[in-house]
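I would like the atomic coordinates for the input below:
(chains A, B, C, D, E and F, ligands or ions: 3)
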Amino acid sequence: MKLVTAIIKPFKLDDVREALSTIGVKGITMTEVKGFGRQKGHTELYRGAEYVVDFLPKVKLEMVVDDVTVEPVIDAITKAASTGKIGDGKIFVSTIEEAIRIRTGETGPEAL
Amino acid sequence: MKLVTAIIKPFKLDDVREALSTIGVKGITMTEVKGFGRQKGHTELYRGAEYVVDFLPKVKLEMVVDDVTVEPVIDAITKAASTGKIGDGKIFVSTIEEAIRIRTGETGPEAL
Amino acid sequence: MKLVTAIIKPFKLDDVREALSTIGVKGITMTEVKGFGRQKGHTELYRGAEYVVDFLPKVKLEMVVDDVTVEPVIDAITKAASTGKIGDGKIFVSTIEEAIRIRTGETGPEAL
Amino acid sequence: MSNFKIKPGFGLGMLAIIGLLMSTGASAEDAKPVLDAGNTAWMLTSTALVLLMTIPGVALFYGGMVRRKNLLSVAAATFATTALISVIWAVVGYSLAFKGSGAYVGDLSALFLKGMGYDSLSGTIPESVFMTFQMTFAIITPALIIGAIVERMKFSALLIFLGLWSILVYSPIAHMVWGGGWLAGDGIQDFAGGTVVHINAGVAGLVAALVLGKRKGYGTEAMPPVNLVYTMAGAALLWVGWFGFNAGSELAADGKAGMAMAVTQIATAVAAMAWMVTEWILRGKPTLLGMASGAVAGLVAITPASGFVGPMGAFVIGIAAGIIPFLAAVYLKRMLGYDDSLDAFGVHAVGGVVGALLTGIFSAAAFGGAGLNDAAHGSIFAQFMIQLKGVGFTIIYDAVVTFIILMVLKVTIGLRVTEEQEAEGLDINQHGERV
Amino acid sequence: MSNFKIKPGFGLGMLAIIGLLMSTGASAEDAKPVLDAGNTAWMLTSTALVLLMTIPGVALFYGGMVRRKNLLSVAAATFATTALISVIWAVVGYSLAFKGSGAYVGDLSALFLKGMGYDSLSGTIPESVFMTFQMTFAIITPALIIGAIVERMKFSALLIFLGLWSILVYSPIAHMVWGGGWLAGDGIQDFAGGTVVHINAGVAGLVAALVLGKRKGYGTEAMPPVNLVYTMAGAALLWVGWFGFNAGSELAADGKAGMAMAVTQIATAVAAMAWMVTEWILRGKPTLLGMASGAVAGLVAITPASGFVGPMGAFVIGIAAGIIPFLAAVYLKRMLGYDDSLDAFGVHAVGGVVGALLTGIFSAAAFGGAGLNDAAHGSIFAQFMIQLKGVGFTIIYDAVVTFIILMVLKVTIGLRVTEEQEAEGLDINQHGERV
Amino acid sequence: MSNFKIKPGFGLGMLAIIGLLMSTGASAEDAKPVLDAGNTAWMLTSTALVLLMTIPGVALFYGGMVRRKNLLSVAAATFATTALISVIWAVVGYSLAFKGSGAYVGDLSALFLKGMGYDSLSGTIPESVFMTFQMTFAIITPALIIGAIVERMKFSALLIFLGLWSILVYSPIAHMVWGGGWLAGDGIQDFAGGTVVHINAGVAGLVAALVLGKRKGYGTEAMPPVNLVYTMAGAALLWVGWFGFNAGSELAADGKAGMAMAVTQIATAVAAMAWMVTEWILRGKPTLLGMASGAVAGLVAITPASGFVGPMGAFVIGIAAGIIPFLAAVYLKRMLGYDDSLDAFGVHAVGGVVGALLTGIFSAAAFGGAGLNDAAHGSIFAQFMIQLKGVGFTIIYDAVVTFIILMVLKVTIGLRVTEEQEAEGLDINQHGERV
Ligand SMILES: Nc1ncnc2c1ncn2[C@@H]1O[C@H](COP(=O)(O)OP(=O)(O)O)[C@@H](O)[C@H]1O
Ligand SMILES: Nc1ncnc2c1ncn2[C@@H]1O[C@H](COP(=O)(O)OP(=O)(O)O)[C@@H](O)[C@H]1O
Ligand SMILES: Nc1ncnc2c1ncn2[C@@H]1O[C@H](COP(=O)(O)OP(=O)(O)O)[C@@H](O)[C@H]1O
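Ligands and ions are numbered 1, 2, ... in the order given. Okay, the predicted model is just below:
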């Protein structure tokens, strides 16, 4: 099994979730995160003092899928999350050795 | 070393933390996340318009443990977090190659 | 590629980010988390009733870097985040198999 | 206020003083309005209460209903509107509304409040108090429009729009109804501003929502309100402040003011319950937003009626105000597909029309009211038609002028933020701030 | 208010007018109460202030103390109670409390406010104002009970409970103390409602907490307050609004009203400091929640005393109110193990009893007070016993009737949400909303 | 208020009553101040309004601007200051400010409010009302200082500092200007407290900021405000409450009070717009915090002028108050490098000086004002110099005494929390609470 982690722009969340549903992804865990990268942060004002906020709001999606599903998942996310502008985000893939469904105790791909 | 990641129902947090303490887990990192899965989201109302919120509040627990502790940890979580209802959550296990304690510079299992 | 995960004290965030910038880290994802560890939680009061809050505010930084950058990154974080007091946090390292930049579709180290 | 200039309302306080004079041998004919400290105390208070309705009232009420990324922009729009309209009113608006004897608009004789001194009276209260009290009405009316246009309008365009609207729509309508214009002469009953304030604001909101277009994602994405505690607090401050709005419109602390307060409280409470129950039945759950919306709808509907109807009228108006605006906000809006984001039209225009028309019925003494306007010659039907005419005229005038203002702004400076800014949220890109 | 119907309180304003009449040759015997604009202005204002105490006051005060998942449910309960009780009061409550001459309860002669017209007076103010002012008291009393039953009671059950309670408990007790009933005749001193409002609400809260049972996890899980800024703001609005509550209970803008305001401010401030210092010493830190709780306890305790005591009484009452309710909320509750979640009993009933009894002492002229009730024939001990009797009767009557109402509801519709709903939070499952 | 004891201000209400007496044959010479219910109603209300300014006004205004970890500590400091100063004022402050005839300070004849009974009058209102009204001024002044010292001062040190400051600085200055002291005799015009309240608080804030030192990270770390909705709500409540502050300072409900309210509204709105526009031009965006700050600066600047100037003066003062404090808060502070965290000095002292000096010009009848003080013999220059002298004296006296108090506390109990506590946040370690 693989863990696919995608960091995307928050307003793309609905699109991405839909795209993932379409290809049959059953479970996703979402975290609100802040991202620091090439995308320039915005400027905030405080009584006339400006300061740059480097960390921008992003959404992190994590989903564990079986190995064959990795490619379609990457494709779906890439398509749905892309705006073509800096800051669209990243996808990372790593290995998960075991998965357990708490409710039933099932393990492996069945647990997903 | 292994990273054990558990996604559980928020109101089970106290029980799980206690169960983990009991079996000697020393460190846990907790994140408030939103989960999308088999469990049906709730319906919210806004001036009479209904919309379904798919992403439900969940708690993610991450703990890095040495290899032998993985089994007891999984057992403890499974037992403490289970309600038998859909949405109880998952446990994932992956490999951590190195761990460092910032304060002392210790590495490996000692750092945990 | 490696994923370096650092859990640090919140008020050290600015220092650590600067140290990482200095050594050329281009992208970081930050999450506000709560940590449970050796560090004693603080006591809160509620109409005279005391309760101990075990989970303390921490910041989790995740960055995927190419293999050779792992060492300098660990050094930079360790130095910048250390106060010498319990609760300074941990660094974990694991393997990332693939990385994709959503905007361009680039993969591997170029995507970082 | 409804009777201003038409039939000066001395009120019971005045009568009491007159009675006093008579009993001591002075003749009633000598009595000119003199300052009454009791009435003045109440009007100073009422002015504070009505200001409280807009800031922080409306700012919180509306602010709590938008998405987090636009919360501050709504608060800023409301706060800036308060400041802007105050200045405009002092410079020109007050004169246009309350000076001169035109049928449609006042004159410019009191630009910059010329002639208003320490001793100027307006009835039994200082003119400075009357002017400021009226200013708070001039402020809240455009502030209510904001509900229709949140989350997408440029801050600069919003200010210019509302400033022009205040001069070109609010002041004339206020003049026609309260300042001695033709609707007043016609016999309209609008005690505290059902027509001048609520229908006026609600219709302008609808036009603005149509001209601006929908928010990106409207109808497809969930747009959850950021914090309904703010909305509840805002609705509560509207409720409390509305005592100044309605009972203050008597311009005196007397029995009519007291009854205006009592019927306001009753109609509002009934409407809050009615909206809640309707929603509970039709949508399955009683929501906090529903109760708050019902209360506001009740306040809106009792506004024109407050100095004219008795408890019976208040009960009926409350029930109507809880149900009809609910249907408008929930079903009509969806059917017609416009994005009146926070229901400025559904609550204020619809509630205002309900109130204006029912005023023409329940002001009749037969229903425990204070009596129809003389112009109706005792006929409820005649009064109802007068009300209808006033409402109709206001809607048409308002819609046309609002449309023209907006189209001019659209082709000159533009009305909407860019799509990207809308996605990012107005707080950051319009104001450089964030919660 | 305390003297209503027993010994009509003309107040200094009235005296001034009478003086005026006398000096001009009119005879004082001719004087009937006429409307006084100054008094009316103050009572219109007081009514707004007391409404402000409940919404948003109590809604924020209580809302800030619960867990995030139940925040909106507390706001909704408070808001809906405001609307519901307003309707009940206009329909039947006012008549039961203030009409007729029964010893225990009024009559039904003023159902739907029958007979209340534009000219009806109550002393020197319009009856409409008196009725609405009293309505705000009828609203806040059940709203205070909510503090005892948050985070677990079904919304539907809560509304029915509080509605019945208002009719079966509040109106009768209000009649007995203020409406000419037997406690009034007995000589009880309860200026603004220590017994009628606070003991009444606090005892009902305790009974409800016991019947409902504890929240799941109470005593084992931490239940951190969601946002004490709301609680602070709510306490502040309670404090400010209480000027209308206490000084307004004089029903006039006179020297007694002024003194009532002054002693309210003093006792409240002293109690806030006393609670804070006690907590600092005994628990190690001065908390914001502690200060706010102390202030509310002080307001509660000075309520019955406010028109009767002078500054000295205010200092003593403040100190007692800062310490005794603190001990009740922190130690007594833990000892006895009931889950009066937000301390409706600990603050309102305990504070109310402290105030009611000390009123019987410090109203004595010897302590700078306005004087004991004639029924006490100058004996502080007699007055104290009268107070004790009133308190005791109220507690017993209230506890019994509250218990019966709740048991009937329990076996019919049920009182609590399911365990699962409780875990999920009431906001989502009772109201379909979330913060 | 400015005229208190110097030239008793009966106000128009009084005149009306006198007129009444005359027309009925009584001679005007007989007239002693009698209680006026209208004036009393307004002053009861004003007192509530000014209390509202501090809690929740200042608490929210300041609370919203600090970092999350210190939010509750700011609310707690404001709330505790309210309670503490109330007690101090009742015990000793009122006597020091308003009793006796010293040039610099009053006497101790009214410790614990000795002699204040139900019948004591102060002009046409009960002394109890005057005392409590003044108390709310005594409360808000030290509360404003808190803005300069947030996020780093120990709670215990803060309370002792502000308590001593109230006795040693506030009461004497209040006596000199309003209580019959030498500045009053000198002819200073300070209607509602530009000097007594705002310059006084702002200068003490600057001294405290300098003695305390900067917050850790100041100038290098971003310190984003936790929630500007709180700040907006706080500013709005300040605005609304300020009607009681300024129009209430007339101590009557008359034409001067009315004009004070009108010019307050105008100057505030103009200043909010001026700050917003200046910021828009110079910094690129119009911020909500900017509008709110501008409004407060306008309120500050119009304070001394409110009973003396007409609309024209209000416009000019508003413009000056929108621009000059903006420059002070944004540029001057950065240049000089002190950490007056929330601009107590930049807004209140700078705005107060602007207002105090312009009062000396625009109170002239030639500019539509009520007229210069007799002591100026009709010369604007003379009045300006009187104002300058008063301002200068206040600044020096205030700075010196504040510095001494703080240095004594510094070497005894210490002023700041530890570095670690500062990093952790004051909410947890000073109060054991968290949002
Ligand atoms: N090496 C990395 N490791 C972890 N997260 C990263 C990394 N690089 C970028 N990110 C995340 O992806 C987001 C987008 O990256 P950014 O460099 O701004 O634009 P782009 O994805 O277009 O290259 C960042 O805000 C950050 O959250
Ligand atoms: N494949 C997955 N990858 C990551 N997180 C998952 C995955 N499947 C489920 N989850 C997380 O676990 C939670 C519970 O899953 P769900 O399917 O609702 O019920 P159950 O665990 O009983 O099968 C989800 O809300 C989500 O946060
Ligand atoms: N084994 C672990 N797995 C995951 N997170 C951990 C682990 N141990 C500690 N942490 C995280 O690191 C933080 C600091 O750890 P703690 O034991 O308090 O101090 P120290 O890092 O000085 O040993 C914890 O609050 C927790 O978030």
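
In what element of secondary structure is D:Y230 found?
helix D:228-246 (DSSP states H and E).

who does the helix or strand just after that helix touch, helix- and strand-wise?
Counting by DSSP H and E, the element after helix D:228-246 in chain order, helix or strand, is helix D:255-283. When contacts are defined as 3 or more C-beta pairs under 8 Å, 6 or more residues apart in numbering or on different chains; DSSP states H and E, helix D:255-283 packs onto helix D:11-23, helix D:228-246, helix D:288-302, helix D:311-327, helix E:37-52, helix E:71-88, strand E:125-126, helix E:127-149. Backbone N, C-alpha and C define where each C-beta goes, glycine included.

between these, which one is nearest to F:A349?
Set against F:A349 and scored by C-beta to C-beta, those come closest in helix D:228-246, at 31.3 Å.

Quick check: the residue of chain A nearest chain D.
A:L45 (3.9 Å; C-beta to the nearest C-beta).

What's the first helix or strand after whichever strand or helix holds that residue?
Assigned by DSSP H and E, A:L45 belongs to strand A:42-46. Where DSSP H and E defines the elements, the next helix or strand beyond strand A:42-46 is strand A:49-53.

Indicate each strand paired with that following strand and its parallel or antiparallel sense.
Partner strands for strand A:49-53, per DSSP bridges, with pairing direction: strand A:42-46 (antiparallel).

Extract the CA atoms of the partner strand and return them as PDB.
What follows is strand A:42-46, C-alpha atoms only, in PDB (Å, rounded to 0.1, in the frame of the first residue of the first chain):
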ATOM      1  CA  HIS A  42       0.800  38.100   1.000                       C
ATOM      2  CA  THR A  43       1.300  41.300   2.800                       C
ATOM      3  CA  GLU A  44      -0.600  42.200   5.900                       C
ATOM      4  CA  LEU A  45      -1.000  45.500   7.400                       C
ATOM      5  CA  TYR A  46      -1.100  46.400  11.100                       C
END
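
in the chain, what spans have low per-residue confidence?
Picking chain A for this. For chain A, no stretch is flagged by pLDDT under 70.

ah, no, chain D please
Those would be D:1-31, if you go by pLDDT under 70 across chain D.

Repeat the analysis, applying 80 as the threshold.
D:1-32 (pLDDT under 80).

related to what we said a few turns ago, spatially nearest residue to the residue of chain A closest to chain D (excluding sequence neighbours)?
Of all residues not flanking A:L45 in the chain, D:G432 sits nearest, at 3.9 Å (C-beta to C-beta, 6 or more residues apart in numbering or on different chains).

For the one you found, the count of nearby residues, please.
By other C-beta atoms under 10 Å in any protein chain shown, the residues close to D:G432 number 24.

in terms of contact, does it touch F:K285 like I think?
Yes: using C-beta atoms under 8 Å, D:G432 is in contact with F:K285, at 4.2 Å.

shared neighbours, the two?
Here D:G432 and F:K285 have A:L45 as joint contacts, going by C-beta atoms under 8 Å, 6 or more residues apart in numbering or on different chains.

what sits opposite the residue of chain A closest to chain D in the beta ladder?
Beta-bridge partners for A:L45, by DSSP bridges, are A:E50.

where does whatever residue of the stretch 151-300 of chain D ends up closest to chain B land in three-state SS?
In the stretch 151-300 of chain D, the residue that lies nearest chain B is D:A222 (4.3 Å; C-beta to the nearest C-beta). Three-state assignment for D:A222 (DSSP: H, G, I helix; E, B strand; the rest coil): coil.

Could you report the neighbour count for the nearest residue in space to it that is not next to it in sequence?
In space, and not counting its chain neighbours, D:A222 is closest to B:Y51: 4.3 Å by C-beta to C-beta, 6+ apart. Each residue near B:Y51 was counted by other C-beta under 10 Å, and the total is 15.

so who does B:Y51 touch?
B:43-44, D:222, D:224.

which residues of chain A fall in strands?
Under the criterion DSSP state E, strands of chain A are mapped to A:2-8, A:28-36, A:42-46, A:49-53, A:56-65, A:90-95, A:98-101.
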